[in-house]
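In: sequence first, then the predicted structure, then my questions.
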Amino acid sequence: MSSATTAKPKKTVQKQTAVKGPTNVLIVGVGGQGVIMVSKILARLSQLQGLQVKQSEVHGMAKRGGSVFSHIRFGEEVWSPTIPMGEADVVLGLEWAEGLRWLRYLKPGVGTFISDTKRIVPPFSCRDRRHDARHGYAHHTIAEIVAQVPSAYAPDATGMATELGNERVANTILLGLLSTVMDFPVESWREVLAEFVPPKTLDTNLKAFEAGRAWTKQDHKPLVDDAATQAAPEPLLKREVKLEITESWCKSCDICVKMCPERCLALNDHQIVELVKPEACTGCRVCEWLCPDFAIAVHVSTVPINTISAEAAGEVQA
Amino acid sequence: MAEASQKIAPSKEALDLNVITQTGEEARPMTGHEAIARGVWEAGCRVAAAYPGTPSTEILENLAKYPIEDLHAQWSTNEKVALDVAYGASYGGVRAFCAMKHVGLNVAADALLTEAYIGVNGGLVIAVCDDPGIHSSQNEQDTRMFGKLANVPVLEPSDAQEALEYTRWAYELSEKFDTPIIVRSTTRIAHTRSPVVVGKRQEIEDKGFVERPENIALPTTARLRHPVVIEREHLMEEYFSKSDKTQWIEGNTDVGIVTAGMSYSYVREVLPGVSILKLPATFPFPRDIVRKFCESVKRVIVVEELEPVLETAIAAMGFTVEGKEFFPRAGELSPEVVHEGFAQAGLLKPRKTVDIVEFDQLVRPPVLCSGCPHTGGYMALRALNARVAGDIGCYTLAAMQPLQAMDTCVSMGSSIGTAVGLAKAGNETRPIVATIGDSTFLHGGITGLIDAVYNDADITVLLLNNSTTAMTGGQEHPGTGKTLRGLDTHKVNYADVCRAVGVQSVKEVDSYDLGVLYQAIREATEYKGVSVVIANRPCVLDPVKIKGPAFQIRAAGCTACQSCMNLGCPALSWSDEMLDGHHKIKIDETSCIGCTLCVQICPSDCIRPAAELASA
Ligand SMILES: Cc1ncc(C[n+]2csc(CCOP(=O)(O)OP(=O)(O)O)c2C)c(N)n1
Ligand code: SF4
Ligand code: SF4
Ligand code: SF4
Ligand code: SF4
């Protein structure tokens, strides 16, 4: 074992002149949409301009439908690989709710927001089993967002891509749009695109890129928002579900217990079916439908809300 | 545009995209872990072994892209075996490498702590990847603490370029100081891509096996080695104090920041102008240079992710030092968090954050894939009302809504032992079932199974065999019949393994056959003693993406009962059509892989092949 070397710690002096901060672009979407590919294209472009680049992503769960995001920073000097909140020059969303999620990273007042209006509704948003439930998907209308962010573009890129004959080129349309708000020469964009897309699809991709460049807010009124973004109707009726169980007909086969989607039935100590979680029962009638011995009947009745007892109504107002 | 590969290893394509840096050198964009792999290869390493674990997995996957003549790279059954393999190669006199995620080091720790005493013949480097922020792990432990416990030096690169350089350097240090070296990476290093200037592969002389008394760990040899280990710590402290990789950035002397690794980048970003001491290694702690630095500034602040390792060491030298009062011990650092800390320290103004638009964030948790073969087993366990001891893998997602069919999850392979304990507690009225994936079973489940048989526990083990290590991106393992480099090899037969260790009730079923699966698990739970049900079906993502003909729902027949929604299949969602206050269901045909699970569940038989409905 030899002793310590004669090397010296590296001493440097902090630069006194301020270096201009890097340009920050945040690319976001859902696993499988191509976030990483889009960010590699942008990173490549900035490298070709001789800039320092850091591209950082966390995608551990991306494969399983989680959100994916990629930070790209380029400039003369880049330290942190992630973009501080409120400092993104551009947030580029490949999916609407994901775009919205990262809106707070945008530089207030000056950042550009570009997002496809495509909606990928996660199963988690369709979980409410109550009567007249609506999705948990982002309820803001496109117009609301566009009105609040000075520089916002919300094209239906996926729709446009489908018209071009390949849904996959939606990202290229967004890149086209992005190219109009960034400083790189448009020729470089086309060259880098050619490096990344499969040669067979280059034509369509270049068309998509031009379509993105040509897209302007003026020509495209925000889309008519679908039902998901509209306010839920006020419930007019109160619903009551009753299960009528004919105990003597139940032969303890357990079918209803196993098949009830809300798992609210059980066999009791006498091996007869019982509604053990009445609050969870949605009145779906699966048990009635599947019982081989007709031992269950489901009764659903509705009462207009304004005829609910005055007491209950009082509670609502209190 | 082509589909982005979610694998971080872009391989050839990225390697071809070289660029010229500002200083005129040729560089290629690399992630931190591509750079570590490159460093290992350049250092002339001959043997590399690992067990996958996010985010360490990509290192071996990338190493396997280097020529087979240059190095042997393999997946091992677990981290302990991987380290043993690497250490064996080091005994043999060649440079060796091992990679694991932070918790993997717990598994390998037994070997490591003694290897620190024995020393190395060929250089041995272990890349250990921490996961501050717990992006994809079961805890947030700090490997730097392990370095101190094990008396193994810990190097901390701060970006991809350093990841490469430190890895090469680690081999020199390993051989110079006769010790394994840990290169500590983090999720952020792993997944940040930046241009890296690369070098050439070194030709390293093969030393051959060297017979030394300390090769054999015995009380007599260990007693002699322990003082040597302590002496080495002092020598390395001195070495790091003088190393040119220790960076002293002179600035304003009112405040001096001591930092290392990724935290350094955040400091440079957030607080320009201050004096900074950037350490390449957190253990052994280079006291000399730290003392000089602390004496040169009026106030010392340590910025480090997770535990106060540097801070405690500086405090122990008698300096007044601040750190964890400003920067959290839990969670990942970021420019925001570091800014906030410096604001608390009175060095910066607090950031103002303005929410441009107020809204509820959409919840988009990771879910099991459309047609994931794990789904059916958990549907059956729900129906059986079993007490489920879970384990680690994709199937842990079954603990979430809507399946919610898992009661415990601790560490790789824990499920079976946990189930034995639950059974031996003697108070459980529900059937006790351990669920474990194939890779996890091989990693740490087999010993648990032998224990269960040995102690005659009344439990059922559901072995979820999807023929891959799916959670970490689909790696081969001894049950897939393929090696890391994709070569054919022996394939473990699980039923044989179970019978060989004495399990009397072993049944194999198809994960997509719900009725049979349910019956098999029910019978197994009724069996007194240890029973095993092996549910077979390949993962739909890896190694090949499976896509069968899609199904669609005949809306007229759908009663909106929501039964199918209990599967949690992401291809299923609400349509706008309502029946009696509930949404009918629709299927996203691009996402549906045609597994038929929902078809088997639907009580009204309205889920049909999409082709059939289209032609109707
Ligand atoms: C000690 C340890 N090593 C590695 C990991 C990373 N890891 C998490 S799940 C998993 C493998 C799961 O594979 P398998 O059991 O086959 O289940 P699958 O994901 O395929 O469903 C691994 C390696 C870990 N969490 N802990
Ligand atoms: S109607 Fe029957 S099957 Fe449906 S939720 Fe109620 S109890 Fe369950
Ligand atoms: S990757 Fe494979 S095992 Fe994991 S959720 Fe998807 S299908 Fe299931
Ligand atoms: S068949 Fe049903 S459960 Fe299977 S992937 Fe398609 S929609 Fe999902
Ligand atoms: S299980 Fe069948 S009837 Fe029930 S909601 Fe699903 S598709 Fe409709």
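Out: Happy to help now that I have it. This one's a predicted model, so the numbers in the text were calculated from it and none came from an experiment. Ligands and ions are numbered 1, 2, ... in the order given.
In: list the contacts for the nearest residue to B:Ser370 once chain neighbours are set aside?
Out: Spatial nearest neighbour of B:Ser370, chain neighbours left out: B:Ala571 (4.1 Å); criterion: C-beta to C-beta, 6 or more residues apart in numbering or on different chains. Placement of C-beta: from N, CA and C, glycine included. Applying C-beta atoms under 8 Å, 6 or more residues apart in numbering or on different chains to B:Ala571 gives the contacts B:370-371, B:550, B:587-589, B:591-593.
In: so which of those is the most crowded?
Out: When neighbours are taken as other C-beta atoms under 10 Å in any protein chain shown, the top entry among the contacts of B:Ala571 is B:Ser370 (28 neighbours).
In: that residue contacts B:Gly568, correct?
Out: No - B:Ser370 is beyond contact range of B:Gly568, at 9.8 Å (criterion: C-beta atoms under 8 Å).
In: between the contacts of B:Ala571, which sits nearest ligand 2?
Out: Nearest to ligand 2 out of those is B:Ile587 (C-beta to the nearest ligand atom; 21.7 Å).
In: give the bridge partners for the closest one, please.
Out: B:Leu572 (DSSP bridges).
In: distance of it from B:Gln552?
Out: In this view, B:Ile587 and B:Gln552 are 5 Å apart by C-beta to C-beta, to the nearest Å.
In: strand partners of the host helix or strand of B:Ala535, parallel vs antiparallel please.
Out: Using DSSP states H and E, B:Ala535 sits in strand B:531-536. The pairing partners recorded for strand B:531-536 under DSSP bridges are strand B:460-465 (parallel), strand B:505-510 (parallel).
In: check the offset of it from the chain's centre.
Out: Averaged C-alpha coordinates place strand B:531-536 at 26 Å from its chain's average position (C-alpha atoms, centre = their mean, to the nearest Å).
In: does chain A sit close to the next helix or strand after that strand?
Out: For strand B:531-536, the succeeding helix or strand toward the C-terminus, using DSSP H and E, is strand B:551-553. No - remark: strand B:551-553 sits outside contact range of chain A, by C-beta under 8 Å from any C-beta of the partner chain, the gap being at least 13.4 Å.
In: can you tell me which helices and strands strand B:551-553 packs against?
Out: strand B:582-587, strand B:607-609, helix B:610-615 (3 or more C-beta pairs under 8 Å, 6 or more residues apart in numbering or on different chains; DSSP states H and E).
In: thinking B:Glu371 is in contact with B:Leu541, fair?
Out: Quick fix: residue B:371 reads Gly, not Glu. No - applying C-beta under 8 Å, one finds B:Gly371 not in contact with B:Leu541, separated by 9.7 Å.
In: which residue, other than its chain neighbours, is closest to residue 282?
Out: All of this refers to chain A. A:Arg129 (5.3 Å).
In: think we crossed wires, I meant chain B
Out: Nearest to B:Thr282 is B:Arg144, by C-beta to C-beta, 6+ apart, at 4.7 Å.
In: ramachandran coordinates for B:Glu322?
Out: In terms of degrees, to the nearest 10, the main-chain angles of B:Glu322 are phi -120, psi 160.
In: correct me, but it touches B:Ala345?
Out: Yes - the criterion here is C-beta under 8 Å, and B:Glu322 meets it with B:Ala345 at 6.7 Å.
In: what do the two both touch?
Out: B:Ile301.
In: wait, B:Ala96 sits on B:Tyr87?
Out: Yes - with contact defined as C-beta under 8 Å, B:Ala96 reaches B:Tyr87; the gap is 7.0 Å.
In: how close does B:Ile276 get to ligand 5?
Out: 60 Å (C-beta to the nearest ligand atom, to the nearest Å).
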